[in-house]
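In: compute the structure for the input listed below.
(3 chains)
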Amino acid sequence: MKPEAQEREPRLLKILPYLSLVAFFVVWQLLVDTGIVPRVLLATPSEVGKLFIAKLTQAQPDGAVLWIHTVVSLGEALIGYLLALIIGIPLGLLMGWFVVAEGLARPLFEMIRPIPPVAWIPLAIFWFGIGMSGKVFIIWACAVVPCVINAYTGVRMTNPTLIQMARTYGASDWQIFTKICIPSALPMVFGGLQIALALAWTTLVAAELIASDTGLGFLINMGRRLLRPDMIVLGMLMVGLTGFGIGILIDWIEKKLTAGLERGGSAS
Amino acid sequence: MNGPAEAAVGLNPRVYQSGLGARLWAFFHNRYVLYGLSVIGFLLIWHWAALHSSIAKFLPTPAEVWAEMVRLSGDRLAGKTLWGHLWASLRRVLIGFAIGLIIGVPLGLFMALNKYINAAVKPVFDLIKPMPPISWISLSILWFGIGEESKVFIIVVGAFVPALINSYNGIRLVDPALYDAIRMLGGNRRQELLQVTFPAGFPALFAGFQIALSVAWGCVLAAELVGARSGMGYIIILGMKVFNPAMIIGGMVVIALVAGLLSLILNKVEKVICPWKRELPQ
Amino acid sequence: MSPDQPKIVCQDVSKIFTQRYGTVTIPVLESIDLAVEENEFLVIVGPGQCGKTTLLRIMAGLETPSTGRVSLDGQPVTGPGPDRGLVFQKYMLFPWRTVVGNVEMGPKLRGVPKAERREIAGHYIKLVGLEGFEKAYPHQLSGGMKQRVGIARAYANNPKVMLLDEPFGQLDAQTRYLMEQETVRIWEAEKRTVIFVTNNIDEAIYLGDRIITMVGKLPGRLKSTYQVTLPRPREHMDVEFLELRHKITEETELLL
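Out: Here you go, the predicted model:
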């Protein structure tokens, strides 16, 4: 590619993203306004916007204000997520280093691992009912998998030279584990956190769609029952926005904690 | 197999030197022995717990789960055996997966090759990307009803995102010096695409396929959980509704096995198609 | 074309890179005048960042000069092409193709039928000493072997000129010396005009008929020319070798 070709960034290229977004919303609005798509099937962006403003203060027609739905969803997701971290990361780290830990935990883990997260939903509801504990269980079951995998891989990838060097200093197994393996596994662990979070959020929405009485997933479901596509779209957008927001938060936390370290890749 | 744990243990001065102690230690530190013990222990604990009166209602024994799976293979549930339902799910996955790829891969390709297309499409894609595929289910059912189309639609949404992302990245991250090399050998623009862009981007593309397939499998289950009359999702939610935990767990076992099998098959296919070392773009 | 017209000529070539859409200019080369004779082995030696790679890329046609022009056999060079064979420092082999797949790529692009191009590829694979490794993939080869493939791949197009851009920079010292010896052997077996870029004075004296030193950083320019008349294969410990080495080292900023 010749550098001369980059003399001036064409103005079109700069404004195209904005044009595109505007066009997207305009086409969307027109599709419904002109009747090409029946109003009962799709709400216009302006209707979604109006509902957003309304739901900031009104609990009707689904039973709760938008803020409450979001907080409930977030709360359930975060609790399950944190439990998954607390159990999954130490487990993965131990499995990576101690043969006994791996030998005993691995078969059970390999049985859980291929289960798609949503497949846990009926079992969880059967055992725990529709309330929060069922959701937390589901989130935990699926988020724990990437945490374990990444922590395990992070430890397995420890530079063997460092370990041998520590042995020459007479370090015990446990000391090597805590002082060398764990710090060296940190970048991979953070990679796993991001994956687990995205997974937790998606699975929570699915769980709420199926059985819940509050939360953003419930909002989406209600929208269908009441034939209110504006509610459906509002729910979807809120889910997307919230998920995006927490992702940014985790990125920020990671940057603060691992400043200077090389960032690891993602789990398989 | 030879991780730091192995390297370390060999040098550990605290290992018993000889005798019964050494043999026992070695036996219980053999990973395969531990696997075996773990599996057996797990089944025993499960069986014992399931017989305990307070949990028996919620937890079937391993034997009961097996019996239920055998029963479902023969009896018909809403018109299909277990395998019929499995095929119903798989069929939806395959169709949705194929459509998702057909949309996602070329789009990612054009976005990677042409700055204008990228500038136009990317913002809309970034808007849609954070919304989980399952959140489309309500719209989908509203539009298409409870039939096949609504489920396939969700799968398409779910599969096309990783397909596009990996197609885009795989092609965008091709080492530009490879293009220098092909041009010095006399390649024209079309040959650049065929001989460098596609083969260089293919491993990442294939990784995208693998992700898309596993997402698709999750999507079909989610869609079937919400509203379906057939499929593996239908089986497990039915098990929940009629208080038949053996059906739930049996269904989950089949689901997990199929998911594992699909990913194993794709791995093998990859080794055949891409015998050179795979370099994943980040 | 008369026999004593030089093969490749650079007339008053200079190069300025622009960044940030024209707001930042970086001068890389300044008034380069250069003429290379047919079948001459020319080595350009200079420190890092002096623009020697850019000069080579301009001669290859991958960059266009900001001023001046480059001509090959009297014709101006306007773009990349198989009549100039380029060997890259980072090998740049196609990882999805085997050794023979890489070497035959040039003929394949030109539409040469399979049997013929296999034969051509086989000949050059043998020339570079990789017989037996035709079906191997690049990731299975060592650095030295990869570079042999790179050389064979460029040769397979029967180029008028071979351009080598610090081809042995990634190799360890032993392999590097071995490859230098191999380069002389291959070149003597099939003579071409060669322009070889390096930052290693020993390598330059070992290989070249003529050495041109480059100095200066952003921009770089040509400094002196040395004719090397020592017979090949050359000995690093010979008095003449060491004298020349001393002279060049004095003049440039290079240490070895």
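
In: what about C:Gln49, neighbour count?
Out: 12 (other Cβ atoms under 10 Å in any protein chain shown). Where you see a C-beta, it was placed from the backbone N, CA and C, and this is true even at glycine.

In: now it: which helix or strand?
Out: Assessed by DSSP states H and E, C:Gln49 sits outside every helix and strand.

In: which bits of the stretch 101-250 of chain C sit near chain B?
Out: C:Met105, C:Gly106, C:Leu109, C:Arg110, C:Tyr137, C:Pro138, C:His139, C:Arg153, C:Ala154, C:Asn157 (Cβ under 8 Å from any Cβ of the partner chain).

In: strands of the stretch 51-200 of chain C, start to end?
Out: Assigned strands in the stretch 51-200 of chain C, in chain order: C:67-72, C:75-76, C:84-87, C:161-165, C:193-198 (criterion: DSSP state E, counting those that start in this stretch).

In: partner strands of the shortest one, parallel or antiparallel?
Out: Yep, that's strand C:75-76 we're talking about. Here strand C:75-76 has these sheet partners by DSSP bridges: strand C:67-72 (antiparallel).

In: can I get the CA coordinates of the partner strand in CSV?
Out: Below are the C-alpha coordinates for strand C:67-72, written out as CSV (Å, rounded to 0.1, in the frame of the first residue of the first chain):
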residue,chain,number,x,y,z
THR,C,67,12.1,12.3,-6.7
GLY,C,68,14.3,10.6,-9.3
ARG,C,69,13.7,7.2,-10.9
VAL,C,70,14.9,3.7,-11.0
SER,C,71,15.5,1.9,-14.3
LEU,C,72,16.0,-1.8,-15.0
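
In: tell me which residues are up against that strand.
Out: Applying Cβ atoms under 8 Å, 6 or more residues apart in numbering or on different chains, the contact partners of strand C:67-72 are C:7-14, C:31-32, C:58-59, C:61, C:76-77, C:83-84, C:160-161.

In: coming back round to it: tabulate the strands of the stretch 51-200 of chain C (TSV), appending mean neighbour count, distance to A:Val99 and mean pLDDT.
Out: Formatted as TSV, those follow (neighbours: other Cβ atoms under 10 Å in any protein chain shown; distance: least, Cβ to Cβ, whole Å; pLDDT from 0 to 100):
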stretch	mean neighbour count	distance to A:Val99	mean pLDDT
strand C:67-72	17	64	90
strand C:75-76	10	69	89
strand C:84-87	27	49	93
strand C:161-165	23	50	94
strand C:193-198	24	51	94
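
In: rewinding a little: so of the contacts of strand C:67-72, which ones are in helices?
Out: Using DSSP state H, the members of the contacts of strand C:67-72 that fall in helices are C:Ile58, C:Met59.

In: surely B:Ser73 touches B:Lys80?
Out: No - the criterion here is Cβ atoms under 8 Å, and B:Ser73 misses it with B:Lys80 at 10.9 Å.

In: so for those two, which sits in the more crowded spot?
Out: Neighbour comparison, B:Ser73 and B:Lys80: the larger count goes to B:Lys80, with 19 against 13 (by other Cβ under 10 Å).

In: what bridges to the more buried one?
Out: Beta-bridge partners, per DSSP bridges, of B:Lys80: B:Leu77.

In: surely it meets B:Ala88?
Out: Yes - counting by Cβ under 8 Å, B:Lys80 touches B:Ala88, with 6.7 Å between them.

In: between these two, which contacts overlap?
Out: Taking Cβ under 8 Å, 6+ apart as the criterion, B:Lys80 and B:Ala88 both touch B:Ser230.

In: low-confidence bits of chain B, can you list those?
Out: Scanning chain B for pLDDT under 70 picks out B:1-17, B:53, B:277-282.

In: ditto for the stretch 151-268 of chain A
Out: Looking at the stretch 151-268 of chain A by pLDDT under 70, you get A:260-268.

In: thinking again about what came up before, would you list the strands of the stretch 51-200 of chain C in CSV and tack on distance to B:Ile155?
Out: Converted to CSV, those look like this (distance: least, Cβ to Cβ, whole Å):
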stretch, distance to B:Ile155
strand C:67-72, 56
strand C:75-76, 57
strand C:84-87, 47
strand C:161-165, 49
strand C:193-198, 54
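
In: and whichever strand or helix holds B:Gly41, what does it pack against?
Out: Applying DSSP H and E as the criterion places B:Gly41 in helix B:31-51. Judged by 3 or more Cβ pairs under 8 Å, 6 or more residues apart in numbering or on different chains; DSSP states H and E, the packing partners of helix B:31-51 are helix A:99-112, helix B:62-74.

In: ok, the longest one near chain B or not?
Out: So the one you mean is helix A:99-112. Yes - judged by Cβ under 8 Å from any Cβ, helix A:99-112 and chain B are in contact via A:Val99, A:Val100, A:Glu102, A:Gly103, A:Leu104, A:Ala105, A:Arg106, A:Pro107, A:Leu108, A:Met111.
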